[in-house]
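*Asks:* here is my input, please return the structure:
(one chain, ligands or ions: 1)
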Amino acid sequence: MEEKRSGGAPRAADVLWAGRLKEKPDSAAFAFQASLAVDRRLALDDIAGSRAHAAMLAARGIIPAEAAAALDGELERLAAGIAAKGLAAIGLDAFPAADVTAEDIHSLIEGLLTEKLGDAGRMLHAGRSRNDQVAVDFRLYLMRIIPRLREELSQTAAVLLDRAEEHAETVMPGYTHLQRAQPVTAGFQLCAWACALIRDRERFADALSRITAECPLGSGALAGSTLDLDREATARALGFAAPGVNAMDSVADRDFALETAAAVSIAMVHLSRFCEDIVLWASEEFGFIVLSEAWSTGSSIMPQKKNPDFAELIRGKAGRTTGNLVTLLTLLKGLPYAYDKDLQEDKEALFDSLDTLDACLRMFRGMISAAAFNAERMKAACAGGFLEATDAAEYLVRKGVPFRKAHETAAGLVRDCIAAGQRSVGERTLSQLKEKSPLFEDDIYAALEPLACVRARKLGGGPAPEEVRRQAARLRLLLRQAVKPAL
Ligand code: ARG
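*Replies:* This is a model prediction of the structure:
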């Protein structure tokens, strides 16, 4: 048995693979390169990978069946312990402890097995490297987490659709350049947000399809193994479509992490944009939305304040997920093939992104469910911005006027209104309208009402209430379709 290294307490890793190294790392250096604080959340995945590997080693006669059975029993016991007691079951309850007892989750679990089983524990790593092991674990973890995130996205989109249907007739201004543009409804905009989240959900499914496509196990450090491993069997046992095509690629590849981080970043940018609107709408100036008190905060100094902190914080957290994506891209750029320790930094960034999106979706959903839309204020905001000007032009187009001329006529009406201090085209008399175009009739006034403008936009994709209801129904159907990762 090795003597204990001088730097700190005895560690499983010392015993396992001091290898050719005689010198003893000091404890600060050991702690610096250790990743247990981060990769501890891969415990169950590491156990699953080891169970598949051990069973395969026995099936191929590389280790005795009794050793595999002992390994499997102990790994199962560890997994059950974690399921019941969390990571305390593998001594990680007090984490981060002052003394790091193992370099990473892989060495910790192998150490526990060896401590308990002796030589059976020492047999497990045959034909395996931590390089393929971590690549498998990371993928298995994402295979567990991504479906949960997709479910969070579904539930959030469903809440938006509920509120969209509720407000299918709640007229409000639609904006371009943050200037009032054309009348829409709150339901129309909420439905637009749901569309974005549903695409995000599909983006995750797409990333997942590549994550499950190739199993890195059997790639070893970078060049496979001389042992007669059954890569098909382990790939199948772990839920992958096939073993990886090229061992060097399998240990070097992290584009699955990049894709996942990108999908998170895009979803967070979506949430951030929605939250920007909510912050605006919750202001006194807009007054379109009243956030419930449970989803607002007060000020430590200004007694009157009711701040949309949750929306602001979600918007702010999109910064960290963008940062995490850039971290991963930068990490990989310039990295020589195949494995480099730099790759250990990949998990912290992605885990943070996944946690952030998960939390933000829950918060956003709660905030939207409890918010009240102020239909009066929204309707009032439709007056005064000449949102009906396009409708006046299209009224003339329907009567045969070339659009460019109709546009000029409507623009002239807006100019006249402004000069006369009027707030909408409908404030002009019929004779004033007829001066600009004899084609205007009495029915123009009804056509320029905000709700009429909205109802008239009943093309597919438009804001007409029945069309928004149709969009919501179609989106709900998409949400019900369980997208299986394409194996
Ligand atoms: N903790 C390491 C990581 O996350 C595991 C792989 C270590 N491999 C090695 N050759 N040092 O990347």
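*Asks:* what does the chain have sitting close to the ligand?
*Replies:* 35, 39, 104, 130-131, 134, 339, 341, 343-344 (Cβ under 6 Å from any ligand atom). Heads up, the C-betas are built off the backbone N, CA and C, glycines and all.
*Asks:* those in helices, which ones?
*Replies:* Members of the residues of the chain next to the ligand lying in helices (criterion: DSSP state H): 39, 130-131, 134.
*Asks:* and the residue of the chain most remote from its centre, helix, strand or coil?
*Replies:* Going by Cα atoms, centre = their mean, the residue of the chain most distant from its centre is Ser431, 56.8 Å out. Following DSSP: H, G, I helix; E, B strand; the rest coil, Ser431 is assigned to helix.
*Asks:* filter the residues of the chain next to the ligand to the buried ones?
*Replies:* Using 16 or more other Cβ atoms under 10 Å as the burial test, the residues of the chain next to the ligand include 35, 39, 104, 130-131, 134, 339, 343-344 as buried.
*Asks:* redo those residues as CSV? Include pLDDT.
*Replies:* Below are these laid out as CSV (pLDDT from 0 to 100):
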residue, pLDDT
Ser35, 91
Asp39, 93
Asp104, 92
Arg130, 96
Asn131, 97
Val134, 98
Tyr339, 94
Leu343, 97
Gln344, 96
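*Asks:* which helices and strands does the helix or strand Gly366 falls within pack with?
*Replies:* Using DSSP states H and E, Gly366 sits within helix 346-370. Secondary-structure packing of helix 346-370 (3 or more Cβ pairs under 8 Å, 6 or more residues apart in numbering; DSSP states H and E): helix 36-39, helix 130-166, helix 255-281, helix 309-332.
*Asks:* pLDDT averaged over it - what is it?
*Replies:* Taken as a whole, helix 346-370 has an average pLDDT of 97.
*Asks:* what of stretch 246-253?
*Replies:* 97.
*Asks:* burial check on the spatially closest residue to Glu259 that is not a sequence neighbour, number of neighbours?
*Replies:* Closest residue in space to Glu259, ignoring its immediate chain neighbours: Ala207 at 4.2 Å, by Cβ to Cβ, 6 or more residues apart in numbering. Ala207: 23 surrounding residues under other Cβ atoms under 10 Å.
*Asks:* one more: Glu293?
*Replies:* Counted with other Cβ under 10 Å, Glu293 comes out at 10.
*Asks:* now do the contacts for Arg130.
*Replies:* Each residue near Arg130 by Cβ atoms under 8 Å, 6 or more residues apart in numbering is listed here: 104, 106-107.
*Asks:* ok, back up a step: with distance to Phe364 added, can I get the helices and strands packed on helix 346-370 in a markdown table?
*Replies:* Converted to a markdown table, the helices and strands packed on helix 346-370 look like this (distance: least, Cβ to Cβ, whole Å):
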| stretch | distance to Phe364 |
| --- | --- |
| helix 36-39 | 26 |
| helix 130-166 | 6 |
| helix 255-281 | 6 |
| helix 309-332 | 6 |
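*Asks:* my guess is Ala263 meets Glu202, correct?
*Replies:* No - when contacts are counted by Cβ atoms under 8 Å, Ala263 is not listed as touching Glu202 (9.4 Å).
*Asks:* comparing the two, which residue is more hemmed in?
*Replies:* Ala263 (28 against 15).
*Asks:* ok, that one - contacts?
*Replies:* Per Cβ under 8 Å, 6+ apart, neighbours of Ala263: 200, 203-204, 206-207.
*Asks:* now Asn324
*Replies:* With Cβ under 8 Å, 6+ apart, Asn324 has these contacts: 261, 264-265, 349-350, 352-353.
*Asks:* hmm, 6 Å instead?
*Replies:* 261, 349, 352-353 (Cβ atoms under 6 Å, 6 or more residues apart in numbering).
*Asks:* how far away is it from Val264?
*Replies:* 8 Å (Cβ to Cβ, to the nearest Å).
*Asks:* name the residues contacting each of these two.
*Replies:* Ser353.
*Asks:* contacts for stretch 57-70 next, please.
*Replies:* Looking at what lies outside stretch 57-70 - Cβ under 6 Å, 6+ apart - the contacts are 54-55, 117, 120, 123, 126, 227-228, 230.
*Asks:* hmm, try it at 8 Å
*Replies:* By Cβ under 8 Å, 6+ apart, stretch 57-70 touches 54-55, 117, 119-120, 123-124, 126-127, 227-230, 233.
*Asks:* and those residues as a markdown table, adding pLDDT and neighbour count?
*Replies:* As requested, the contacts of stretch 57-70 are exported to a markdown table (pLDDT from 0 to 100; neighbours: other Cβ atoms under 10 Å):
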| residue | pLDDT | neighbour count |
| --- | --- | --- |
| Ala54 | 98 | 27 |
| Ala55 | 98 | 20 |
| Leu117 | 95 | 17 |
| Asp119 | 96 | 11 |
| Ala120 | 97 | 22 |
| Met123 | 97 | 21 |
| Leu124 | 97 | 23 |
| Ala126 | 96 | 15 |
| Gly127 | 97 | 22 |
| Leu227 | 97 | 13 |
| Asp228 | 97 | 10 |
| Leu229 | 98 | 23 |
| Asp230 | 98 | 17 |
| Ala233 | 98 | 18 |
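*Asks:* what about the residue lying closest to Asn307 once chain neighbours are set aside, how many neighbours?
*Replies:* Spatial nearest neighbour of Asn307, excluding adjacent residues (Cβ to Cβ, 6+ apart): Thr297 at 5.1 Å. Using other Cβ under 10 Å, the number of residues around Thr297 comes to 15.
*Asks:* so Thr297 touches Glu312, yeah?
*Replies:* No - using Cβ under 8 Å, Thr297 makes no contact with Glu312, being 9.6 Å away.
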